[in-house]
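Undergrad: next come a sequence and a model predicted from it.
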Amino acid sequence: MGTIKITNAYLDTWRRTMADVKVEVVCPSCKQTRVVSRSMFNFIQAGTNTGCCQSCSLKGNKYRLGTHCSEETKSKMSMASLGKKKSKEHRLNMNKDKKGVALSQEHKEKLSKAHLGKKLSKEHIRKCLRRRPMSGLETKVQKVIDKHQLPYVFVGNGKFFIERKNPDFININGKKTAIEVYYKRHKNEFRNNGATGWMEERKQIFGKYGWQILFIEGTKLTERKILNIIEGCDSRE
């Protein structure tokens, strides 16, 4: 049986061959399985490498804080992740990371400019409204409607639109009457023209289609006040 002469060229070939061999290892931190080269596996076995994946290795690394990637690098990362669907667990972890993170004033201004002048489509508004439950004020009015069997139904979840406006309740007894519930303080704070401007806009749009609109302001609201507005009488408690 012949012998193999160990030369430097043979060792180099052997190292390259072993480096090309792939081995599955488990990250000790996140328990995810990944494939590494044989040489990296040897380092892990020897204890000179922790065996953690890149994501876990970078956690707590403060040396790159404040550094920024070039536009070319950002473009490459964007193209690499394009079309890849994130798992539900990944999306939940991203949401957890973002919670409590305060946006800078510059970032807020950029977001504001990006949405400035953009009008949401009716379908977009409907999808947003479907996800929200009834507010406390809407629930209060709904209880009075149910108790006195008034001919109104809640449509504030995007079931009914007049142009791009979604009222809270509409009449189901043949009358073109809609109800909007609101807090004056809230409208004055978040509307450019305040509560008065918001009401006038609603009246104008609903009136074009022959609709009457009733406004119920929620401050110190009582059952009798709701009935007075809806029925237009003072005889019922």
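TA: Good, I have the coordinates. Numbering: from 1, shown residues only.
Undergrad: what ranges do the strands span in this structure?
TA: Using DSSP state E, the strands assigned to the chain run over residues 22-26, 33-37, 152-154, 169-171, 177-182, 212-217.
Undergrad: how about these, which one is nearest R91?
TA: strand 33-37 (20.9 Å; C-beta to C-beta). Every residue, glycine included, has its C-beta placed from N, CA and C.
Undergrad: now do that closest one: which elements does it pack against?
TA: The helices and strands touching strand 33-37, judged by 3 or more C-beta pairs under 8 Å, 6 or more residues apart in numbering; DSSP states H and E, are strand 22-26.
Undergrad: distance of the closest residue in space to P167 that isn't next to it in sequence from N228?
TA: Excluding the flanking residues, the one nearest P167 by C-beta to C-beta, 6 or more residues apart in numbering is A178, at 3.8 Å. Separation of A178 from N228 (C-beta to C-beta, to the nearest Å) stands at 17 Å.
Undergrad: of those two, which one has the most company?
TA: A178 (23 against 15; other C-beta atoms under 10 Å).
Undergrad: list the contacts of that one.
TA: When contacts are counted by C-beta atoms under 8 Å, 6 or more residues apart in numbering, A178 touches 162, 167-171, 206, 211-214.
Undergrad: and what of Y182?
TA: 137, 195, 198, 215-218.
Undergrad: farthest-apart pair in the residues you listed, please.
TA: Maximum distance among the contacts of Y182 (C-beta to C-beta): 15.2 Å, for L137 and W198.
Undergrad: find the residue closest to V26 in space, skipping its chain neighbours.
TA: Leaving aside its sequence neighbours, V26 sits nearest to T33 (C-beta to C-beta, 6+ apart; 5.4 Å).
Undergrad: please apply the same query to S29.
TA: C56 (4.0 Å).
Undergrad: got the domain ranges for the protein?
TA: 8-58, 124-231 (automatic domain parsing).
Undergrad: what's the mean pLDDT across the last one?
TA: Spelled out, that is domain 124-231. Averaging pLDDT along domain 124-231 yields 89.
Undergrad: likewise the first one?
TA: Averaged across domain 8-58, the pLDDT comes to 74.
Undergrad: so how far is that domain from its chain's centroid?
TA: 39 Å (C-alpha atoms, centre = their mean, to the nearest Å).
Undergrad: ok, now the last one?
TA: Domain 124-231 has its C-alpha centroid displaced from the chain centroid by 26 Å (C-alpha atoms, centre = their mean).
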